[in-house]
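Undergrad: with the sequence up front, the predicted model follows.
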Amino acid sequence: MNVLFNLGDLVNRRKDPDAIALFDLSKPDGAREYSHGDLDRGARAVARGLQARGLKRGERVAILSANRVEFLVTYLGTMRAGMVSVPINYKFPDETVAYILRDADIKLIFADTERAARAPSDIPLVSFDDEGAGGFEAFCDAGDFETVRPEKGEVAMFLYTSGSTGRPKGVPLTHEGHLWVVDVRINPPPDADHRVLVAAPLYHMNGLAMCKLAIGAHLTIILMPQFTAKGYIEAIGAYGVTWLTSVPTMLAMVARERELLDRTDLSSVRIARMGSAPVSQKLYDDLRDVFPNALITNGYGTTEGGPSVYGAHPDGLPQPGMSIGYPRPDCDARLVDGDNIDADQGVLQCRNPSVMPGYHNLPEKTAEVLSEDGWYDSGDIMRRDENGFHYFVGRADDMFNCGGENIYPAEVEKMLERHPDIEQACVVPVPDEIKGYKPSAFIVPMDGKRLDEKSVKEFALANGPAYQHPRQIVFMPSLPLTGTNKIDRKQLTERAASTAAEMPRETA
């Protein structure tokens with residue numbers, strides 16, 4: 001096993017450096033192929049280039065780009081040089097991108113051509129696509145480099161939250177904390193022949209964590225520039241992908257491409273792992289049909305608390321399909337309901353090496369979620385079954401009260417998605433003078449199926465408590481997504497409120 005000490009230096013040099021590490025699908029003229037040795041040399045060249053530019057240890061470097069090999073080696077090389085890597089969600093509005101660049105005090109930006117124009121002129125920029133003196137190739141300085149050995153608690157990267165409830169918050173994450181994540185995920189080592197498909201954006205924990213696992217375990221990554229359902233399916237067939245990692249919305253979109261799925265060989269897939277959002281029983285069942293040879297699991301993680309809270313059951317019990325797993329023995333986890341810190345249902349609090357040290361420049365926000373003894377309050381409501389497995393119930397801040405009853409949107413969505421003609425559902429609150437709030441549902445019907453509001457309400461009343469049934473229903477061909485491929489609840493909540501204001505008041 002490697003003795004890992006810097007998050008940017010994960011290459012296992014005891015294994016074949018010529019083994020394929022990456023197929024980069026970002027170019028329209030075909031995949032670019034890279035070995036593990038190529039990634040190692042690329043990260044060294046970036047680290048040398050940063051030092052040659054005069055950047056100092058601890059200074060922050062931004063990446064504003066779609067997924068590509070240059071993104072990955074820049075991310076790794078920045079950390080090797082002792083600087084802090086800051087991947088930025090390029091789907092944010094220009095104003096938000098500018099705010100992040102100022103908030104993080106960025107000293108240098110790496111960008112692809114499409115996003116370079118969004119960078120302010122007062123911060124130096126290196127273009128991945130410029131072949132001239134200001135471009136990436138000219139910046140890189142090939143040669144040997146001694147990786148910086150971080151101090152205890154030294155920050156490796158910043159990730160910014162989605163900003164769904166305000167401005168994005170900077171989340172500093174340490175070398176030792178996320179080396180712990182890599183270590184627990186590659187020990188015991190996964191099968192050496194795995195080919196991992198990464199289409200989630202590398203500015204998000206999901207895609208980044210999977211790439212680091214694959215490099216540390218000497219696996220092969222198939223890297224898509226961005227997700228499309230058809231491109232995802234085609235990549236599985238073309239490259240014999242064995243391991244899928246995604247957010248549930250991505251695989252829900254994949255499951256709808258029935259014609260393409262039927263003519264594509266998907267037999268290579270042995271693991272289909274989802275995370276970052278709730279999974280419905282219907283999606284789980286659909287994926288069992290689509291990937292009959294795969295172990296389908298639902299994971300859990302947060303930017304602030306890390307991606308490795310849960311693992312296998314200590315007694316070897318199989319993980320139930322809808323569960324997110326059993327708390328890891330090397331990660332403290334508890335469910336808190338008021339004064340009860342060992343509840344069977346409550347807010348998940350966790351404590352492990354990958355928990356952030358605190359939000360950047362936001363001490364009051366830090367104090368709201370991080371205790372002095374290191375417990376991170378996730379804001380996620382979990383339920384524990386009789387075997388100790390945990391299940392996601394909903395976000396505490398998504399919960400709303402309807403006539404004195406607490407409603408968790410995720411529970412209503414799971415109920416609605418049991419309807420045979422409903423593909424996806426998103427439930428949001430709308431203000432009501434009498435009830436406080438009432439549930440409103442946005443529904444994506446199954447292909448070729450016709451639904452009406454009355455039948456959906458009748459199904460909800462027959463399959464759940466009356467207070468949960470959606471009072472207004474909007475049918476849509478697809479649900480809007482955020483930059484991290486999650487359902488955009490903020491946009492739907494605003495639309496529901498606008499629609500409700502135009503409707504006659506009801507008393508039920």
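TA: Here it is on my side, so go on.
Undergrad: now do the buried residues in stretch 341-348.
TA: Counting neighbours by 16 or more other CB atoms under 10 Å, one finds that the buried residues in stretch 341-348 are Ala343, Gly346, Val347, Leu348. To be clear about C-beta, it is placed using only N, CA and C from the backbone, and glycine gets the same treatment.
Undergrad: point out where the chain drops to low pLDDT.
TA: The model of the chain has pLDDT under 70 over residues 1-2, 164-165, 276-278, 500-508.
Undergrad: repeat the analysis, applying 50 as the threshold.
TA: Applying pLDDT under 50 to the chain flags residues 1, 507-508.
Undergrad: quick one, domains of it?
TA: The record's domain parsing of the chain by automatic domain parsing lists 1-11+35-187, 332-395, 400-502.
Undergrad: I'd like those domains as JSON lines, with distance to Leu317 appended.
TA: Shown next, in JSON lines, are the domains of the chain (distance: least, CB to CB, whole Å):
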{"stretch": "domain 1-11+35-187", "distance to Leu317": "19"}
{"stretch": "domain 332-395", "distance to Leu317": "6"}
{"stretch": "domain 400-502", "distance to Leu317": "23"}
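Undergrad: just the strands in the stretch 51-200 of the chain please.
TA: 60-64, 84-87, 106-111, 125-127, 155-160, 170-174, 195-198 (DSSP state E, counting those that start in this stretch).
Undergrad: correction: the stretch 201-350 of the chain
TA: Listed in chain order, the strands found in the stretch 201-350 of the chain under DSSP E, counting those that start in this stretch are 220-223, 243-246, 271-274, 295-298, 310-311, 326-327, 332-336, 345-351.
Undergrad: what pairs with the last one, and is each one parallel or antiparallel?
TA: When pairing is defined by DSSP bridges, strand 345-351 lines up against strand 332-336 (antiparallel), strand 376-384 (antiparallel).
Undergrad: got the contact list for Phe110?
TA: Contacts of Phe110 were listed using CB atoms under 8 Å, 6 or more residues apart in numbering, and they are Val61, Ala62, Ile63, Leu64, Ser65, Glu70, Phe71, Thr74, Leu125, Val126, Phe128, Phe136.
Undergrad: give me that answer again for 6 Å
TA: Residues touching Phe110, when contacts are defined by CB atoms under 6 Å, 6 or more residues apart in numbering, comprise Ile63, Thr74, Val126.
Undergrad: show the buried residues in the residues you listed.
TA: Ile63, Thr74, Val126.
Undergrad: pick the one among the residues you listed closest to Asp332.
TA: Each of the buried ones among the contacts of Phe110 was scored against Asp332 by CB to CB, and Ile63 proved nearest at 32.5 Å.
Undergrad: pretty sure the closest one sits against Pro87.
TA: Yes. Between Ile63 and Pro87 a contact is recorded at 4.8 Å, counting by CB atoms under 6 Å.
Undergrad: give me the number of residues near Ile381?
TA: When counting by other CB atoms under 10 Å, one arrives at 23 neighbours for Ile381.
Undergrad: which residues does it bridge with?
TA: Per DSSP bridges, residues listed as beta-bridge partners of Ile381: Val347, Gly394.
Undergrad: against Val155, how distant is the residue most central in space within the chain?
TA: Computing the C-alpha centroid of the chain and ranking residues by CA atoms, centre = their mean puts Asn206 first, at 3.6 Å. When distances are taken as CB to CB, to the nearest Å, Asn206 and Val155 turn out to be 21 Å apart.
Undergrad: which one of the buried ones among the contacts of Phe110 sits closest to Asp377?
TA: The shortest distance between Asp377 and any of those, using CB to CB, involves Ile63 and amounts to 29.5 Å.
Undergrad: could you pull up the contacting residues of the nearest residue to Leu244 once chain neighbours are set aside?
TA: Spatial nearest neighbour of Leu244, excluding adjacent residues (CB to CB, 6 or more residues apart in numbering): Ala272 at 4.4 Å. Under the criterion of CB under 6 Å, 6+ apart, the neighbours of Ala272 are Leu244, Leu287, Phe291, Ala294, Ile296.
Undergrad: who touches stretch 413-429?
TA: 252, 280, 282, 400, 409, 412, 437, 439-446, 449, 451, 459, 463-464, 479, 487, 489, 492-493, 496.
Undergrad: among these, name the buried ones.
TA: Among the contacts of stretch 413-429, the ones that count as buried by 16+ other CB under 10 Å are 252, 280, 282, 400, 409, 412, 437, 439-445, 451, 459, 464, 479, 487, 489, 492-493, 496.
Undergrad: next step: those residues restricted to helices.
TA: In helices, judged by DSSP state H, the following of these are found: Ala252, Lys282, Pro409, Val412, Phe459, Arg489, Leu492, Thr493, Ala496.
Undergrad: I figured the third one was touching Asp398, is that so?
TA: Put plainly, it is Pro409. Yes. At 5.2 Å, Pro409 and Asp398 qualify as touching, with contact defined as CB under 6 Å.
Undergrad: now do the helix ranked longest in the chain against strand 106-111, angle only.
TA: The residue-count maximum for a helix in the chain (DSSP H) belongs to helix 36-52. Compare the direction of helix 36-52 with that of strand 106-111 by axes from the mean of the first three to the mean of the last three CA atoms, to 10 degrees and you get 140 degrees.
Undergrad: list the buried ones in helix 36-52?
TA: Using 16+ other CB under 10 Å, the residues of helix 36-52 that count as buried are 36, 38-51.
Undergrad: same question, stretch 331-344
TA: Under 16+ other CB under 10 Å, the buried positions of stretch 331-344 are Cys331, Asp332, Ala333, Arg334, Leu335, Val336, Ala343.
Undergrad: find the nearest non-adjacent residue to the first one, please.
TA: With CB to CB, 6+ apart as the criterion, Cys331 has its nearest non-adjacent residue at 4.0 Å, and that residue is Asn352.
Undergrad: how many residues are close by that neighbour?
TA: Residue crowding around Asn352 was assessed by other CB under 10 Å; the count is 21.
Undergrad: I'd assumed Ala333 was in contact with it.
TA: No. Counting by CB under 6 Å, Ala333 is not a contact partner of Asn352; they are 8.3 Å apart.
Undergrad: about what we covered before: what about the domains of the chain, which gets the closest to Leu25?
TA: With CB to CB as the measure, domain 1-11+35-187 is the member of the domains of the chain nearest Leu25 (8.6 Å).
Undergrad: what sits against Leu481?
TA: Shown in contact with Leu481 (CB under 6 Å, 6+ apart): Asp488.
Undergrad: any idea how far it lies from Ile324?
TA: Using CB to CB, one gets 21 Å for the distance from Leu481 to Ile324.
Undergrad: swap in Arg149?
TA: For Arg149, the distance to Ile324 under the criterion CB to CB works out to 35 Å.
Undergrad: out of these two, which sits in the more crowded spot?
TA: Summary of the neighbour comparison: Arg149 and Ile324, criterion other CB under 10 Å, with Ile324 having more neighbours (25 against 11).
Undergrad: dump the contacts of Ala272 to JSON lines, plus distance to Pro429 and neighbour count.
TA: Conversion of the contacts of Ala272 to JSON lines gives the following (distance: CB to CB, whole Å; neighbours: other CB atoms under 10 Å):
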{"residue": "Leu244", "distance to Pro429": "33", "neighbour count": "26"}
{"residue": "Leu287", "distance to Pro429": "29", "neighbour count": "23"}
{"residue": "Phe291", "distance to Pro429": "35", "neighbour count": "23"}
{"residue": "Ala294", "distance to Pro429": "36", "neighbour count": "20"}
{"residue": "Ile296", "distance to Pro429": "31", "neighbour count": "22"}
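Undergrad: closest one of those residues to Glu364?
TA: Distances from Glu364 to the contacts of Ala272, taken as CB to CB, are shortest for Leu244 (39.3 Å).
Undergrad: please name the bridge partners of the closest one.
TA: Leu197, Ala272.
Undergrad: same check on Leu64?
TA: Here Leu64 shows beta-bridge partners Ala111, assigned using DSSP bridges.
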